[in-house]
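1. here are the coordinates; sequence isn't available:
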């Protein structure tokens, strides 16, 4: 039994949308690096972050097939806790420090959405699907080898937001080249007020640095990347449509979340 | 174009999970009043609220079939904004004042979930379905007349949480008898901190009074009510299972939300 | 208790995906007439039907918000039986007789999908949403009056297939002008064989005429129609994209299905 | 480009709900053997099959996490073709031959539903989730080793139908002990008529033997099995609730489907 951390703060702690930290994650990812119009990237940055001129619009699209558990066997309730998500990271600077900021993220699970909001990820609900590898190899069960192709799509409210495809060429032996983790992820925790006259004065509005423990990257391959961010009515993510696409990656990752570092509070 | 109020705080205000207030709602509801074990009702109340001895465990189950719009024709994007929700209100006291508190609420739409969180409703994603009336009458198109039956169900993560059924007997001419609105709804706005050592010190934790404008109740009928809150693994709502079921109601409702009143801040 | 008509042919007839006829329907619709490239319309017609030169590519896009019931109160189980669907009808000829053929249809419910397959509608699962009217009028509760706007969208597997919008101008007093029902709907019942060597020899492949009883059209309004059928990866419906859009309609409809007329069997 | 095999028989073969065979599958499974009341098992059998007295009510519950592809890279469109399913197999006899029959099966994808109907599996849409293993080991990424626990749930229309859990104890070296494949699966292909007077005279009603090529079972572990089939309104699967639960299994499987063998036609 968990003590309530998130709403509903139910008596026995079972009905809460998310259990208290530590939060454990393991999953597979498909990642494609790309370049968007640097002027558009700049418009996505909150106060406190500035464009990184050296990045020249560099960004990353990530599709994750995640399993989550807290400390009470949540992985044995996969209908409630297993999930997939898609997000964009754009390169930026905090003071002079290179960081990555997440302007858009979509997830297919409400517990993951709430945990993300608490971390400062601006999560909405979407549908995300990623080609998988399975132990029983055949045409439907691609193995993680040179020449294998993996694809991923994301949508929200019935509109496609993104499609990526990666054709593997080689295993990444030196993971420091990968980029994941080279730039800390800076998020914006934000919780509005509804009281009249306070709509522009959020109760929470603070930049934070995402923090993970025991991070492992396993069996990462790189290859030829493809990415599209098609136009969708009422959505702005296509403003970041690639002007150039770089390498693609496919790998596995795990970590634990128990903490978050304040970066600065940009409003009183 | 809206100014961003909710995350993602996107440049053109289109990608935000919810537009800024005013928020306009119109919908149909099915409502069943019931009595739960008063000792269980008491366990669902946050600090600052106390059991209402006169209520003897009185509560209400509500199923709403909602249409939402902001000021930018959001009702013309029904895939993103139309939704259904199920919630429980339990009678309680704030100081000596009779109020209603919402311990559990489930909704099938992420924009409604976020707006609810901002109001202090502890929303999770669920699936809610309600029998409808249509203008073309036949066996599949029940009219709102004596003898007509309407049912509703709610589930989350593939487990049924509630089923209600109401057989209409008479139109409610005096809506002040209805109960809806007699007790103001008190919610708990709550947004946790994730920084180590701060997990028990939420950034936002305050009791508030839900406020609506231009509230209309239209064509409300009452009748024989039925309600079950079946046991579901990992869920606590069945702890409130009816010991007695009262009247059922079916009607239509509309209102606008632009404000929220602070009740008190229970933690610094 | 029903006798099993559809699989699973369960002992007590409860688990069957659809109950036996009669099938009763009531719902609201949004409809937009349009013209597609006649050469493309021709490619969608099965053997036995021919293009209607007089139609010049005329077609109809329909979005339905349906409630279904059989004879055992299925409308009181809305999670299982309430549904929405989107379909296209194209004008064609059978011998010299003007008919309408349904090349594409998407529905958000498996029971409706199976009933449709039995009728010869080529149903797939999709997501369909339609702006609704509610009895409690406000900005979120549009009334069926001149100037009111209603919209609808359809998608499948996270890709938008269609969006329609209708701005009402006047009530349709003479429903024979409406078009719905002027051309009988001809469907193709089709059930393949899987035995090796028989993949091109379906077990069922027959043209049929959809038959309804007690059809009612209620409160039908017409107005300015808008329709788009955007390009979606791996989908062909956009090949029918409008070259011209005509009037839009919004109304209510009910009928019962118990029968189907054979038109001809085009293969042995 | 595929020739249309399933509806809609679209001009370019892209919109068809399923591509033509060969159909390739690879996935992971969780399986629990159990015993139900033999008298109930008998009621689920169609004409042509008889209870297997030696089986004493033996049955199997299977949860599959599948990837599908045809010959046109369908695995790169996972939103449309990746899926999960849950089904029950009961032991029975055809003449004196031991076979397995599938009375109930639920799947979360319409293409898989149609392919199943063609094979004679009585598929309905449901939600199925299975604990996964990932390459990056941690509390959220269980490895396939002794002591690891995997769970699965299935639901339809918001009601839970089944939950299984398996705690692994040892790898199955001799797969012939496993049971999967020892009994051929006999299905009932069934497609009703709707013409008046023909509701009890289906167009297709034939027993068939499921046939797979290149079947591989990989890394199969056995362990302690748990299974529940809870009561759900309007569903009969709980009539098969376990009187005894046997071993559980977790493994990977792949095969190809291109054929089906007729067993007999039980009606003209």
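-> All right, it came through fine. Only a predicted model underlies this, so the values are computations on that prediction, with no experimental measurement involved. Residues are numbered from 1 along each chain as shown, chains lettered A, B, ... in the order given.
2. just the angle between the helix of greatest length in chain A and helix B:110-119, please?
-> As assigned by DSSP state H, the longest helix anywhere in chain A is helix A:110-119. Helix A:110-119 runs at 50 degrees relative to helix B:110-119, counting by axes from the mean of the first three to the mean of the last three Cα atoms, to 10 degrees.
3. what packs against helix A:110-119?
-> Counting contacts by 3 or more Cβ pairs under 8 Å, 6 or more residues apart in numbering or on different chains; DSSP states H and E, helix A:110-119 is packed against strand A:58-69, helix A:78-81, strand A:83-94, strand A:97-107, strand A:123-125, strand A:185-191, helix B:110-119, strand B:123-125. Yep, even glycine has a C-beta here, placed from its N, CA and C like the rest.
4. Give me the sheet partners of the last one and which way each runs.
-> Yep, that's strand B:123-125 we're talking about. Strand B:123-125 pairs in its sheet with strand B:97-107 (parallel), by DSSP bridges.
5. now swap in the first one and tell me
-> Strand pairing for strand A:58-69, determined by DSSP bridges: strand A:23-35 (antiparallel), strand A:83-94 (antiparallel).
6. Out of the ones you listed, flag the one nearest residue A:118.
-> strand A:23-35 (9.6 Å; Cβ to Cβ).
7. Let me see the mean pLDDT of that closest one.
-> Mean pLDDT, strand A:23-35: 98.
8. So residue A:82 is in contact with residue A:64, correct?
-> No. Contact between residue A:82 and residue A:64 fails when scored by Cβ atoms under 8 Å: they sit 11.5 Å apart.
9. any low-confidence regions in chain A?
-> Where chain A drops to pLDDT under 70, the residues are A:1-2, A:179-181, A:264-268.
10. how about the residues of it that lie near chain C?
-> Chain A comes close to chain C at residues A:127, A:129, A:153-155, A:158-160, A:163, A:232-233, as judged by Cβ under 8 Å from any Cβ of the partner chain.
11. Can you say which of the residues you listed are also within reach of chain B?
-> When contact is defined as Cβ under 8 Å from any Cβ, these meet chain B at A:158, A:233.
12. returning to that earlier point: including distance to residue D:224, could the helices and strands packed on helix A:110-119 go into a markdown table?
-> A markdown table is the format used below for these (distance: least, Cβ to Cβ, whole Å):
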| stretch | distance to residue D:224 |
| --- | --- |
| strand A:58-69 | 20 |
| helix A:78-81 | 19 |
| strand A:83-94 | 28 |
| strand A:97-107 | 33 |
| strand A:123-125 | 36 |
| strand A:185-191 | 41 |
| helix B:110-119 | 38 |
| strand B:123-125 | 32 |
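13. Switch the ones you listed over to a markdown table; also include mean neighbour count and distance to residue C:59.
-> Below are the helices and strands packed on helix A:110-119 laid out as a markdown table (neighbours: other Cβ atoms under 10 Å in any protein chain shown; distance: least, Cβ to Cβ, whole Å):
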| stretch | mean neighbour count | distance to residue C:59 |
| --- | --- | --- |
| strand A:58-69 | 24 | 37 |
| helix A:78-81 | 24 | 41 |
| strand A:83-94 | 24 | 35 |
| strand A:97-107 | 23 | 34 |
| strand A:123-125 | 24 | 34 |
| strand A:185-191 | 24 | 46 |
| helix B:110-119 | 25 | 33 |
| strand B:123-125 | 25 | 37 |
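14. of the ones you listed, which approaches residue D:258 most closely?
-> strand A:58-69 (29.5 Å).
15. Can you give the distance of the closest one from its chain's centre?
-> Chain-centre distance of strand A:58-69: 5 Å, with Cα atoms, centre = their mean, to the nearest Å.
16. residue contacts, the closest residue to residue A:110 other than its chain neighbours?
-> Of all residues not flanking residue A:110 in the chain, residue B:125 sits nearest, at 3.8 Å (Cβ to Cβ, 6 or more residues apart in numbering or on different chains). Shown in contact with residue B:125 (Cβ atoms under 8 Å, 6 or more residues apart in numbering or on different chains): A:109-110, A:113, A:125, B:106-108, B:110, B:113, B:156.
17. which one of those is nearest residue B:251?
-> residue B:107 (19.6 Å).
18. For that closest one, give its distance to residue B:62.
-> With the distance defined as Cβ to Cβ, to the nearest Å, residue B:107 ends up 12 Å from residue B:62.
19. what about the helix or strand hosting residue A:245 and chain D, any contact?
-> Secondary structure from DSSP states H and E places residue A:245 in strand A:244-257. Yes. Strand A:244-257 comes into contact with chain D (Cβ under 8 Å from any Cβ), by way of A:252-256.
20. my read: residue A:156 touches residue A:123, true?
-> No. At 10.9 Å, residue A:156 does not count as touching residue A:123 under the criterion of Cβ under 8 Å.
21. what about the residue lying closest to residue A:261 once chain neighbours are set aside, neighbour count?
-> Distances taken as Cβ to Cβ, 6+ apart put residue A:209 closest to residue A:261, at 4.3 Å, once the chain neighbours are dropped. Counted by other Cβ atoms under 10 Å in any protein chain shown, the residues lying close to residue A:209 total 17.
22. Now do the SS call for residue A:209.
-> At residue A:209, secondary structure determined by DSSP: H, G, I helix; E, B strand; the rest coil is strand.
23. Tabulate the residues of strand A:244-257 next to chain D in TSV, adding columns for neighbour count.
-> TSV is the format used below for these (neighbours: other Cβ atoms under 10 Å in any protein chain shown):
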residue	neighbour count
A:252	21
A:253	26
A:254	24
A:255	21
A:256	19
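24. now, which of the residues you listed sits nearest chain B?
-> Set against chain B, the nearest of the residues of strand A:244-257 next to chain D by Cβ to the nearest Cβ is residue A:256 (12.3 Å).
25. What count of nearby residues applies to the closest residue to that closest one other than its chain neighbours?
-> Nearest non-adjacent residue to residue A:256, counting by Cβ to Cβ, 6+ apart: residue A:213, 4.6 Å away. Close neighbours of residue A:213, defined as other Cβ under 10 Å, add up to 12.
26. hey, which strand is longest across chain A?
-> strand A:213-228 (DSSP state E).
27. and the stretch 101-250 of chain A, which of its residues are near chain D?
-> A:127, A:129-132, A:134-142, A:149-153, A:155, A:165, A:214, A:216-219.
28. Out of the residues you listed, which end up buried?
-> A:127, A:129-132, A:134-142, A:149-153, A:155, A:165, A:217-218 (16 or more other Cβ atoms under 10 Å in any protein chain shown).
29. which residues does residue A:208 contact?
-> A:119-120, A:186-189, A:260-263, B:194.
30. picking that back up, gap between the residue nearest to residue A:256 and residue A:82?
-> Taken as Cβ to Cβ, the span from residue A:213 to residue A:82 is 21 Å.
31. Before I go, just wanted to say thanks for your time.
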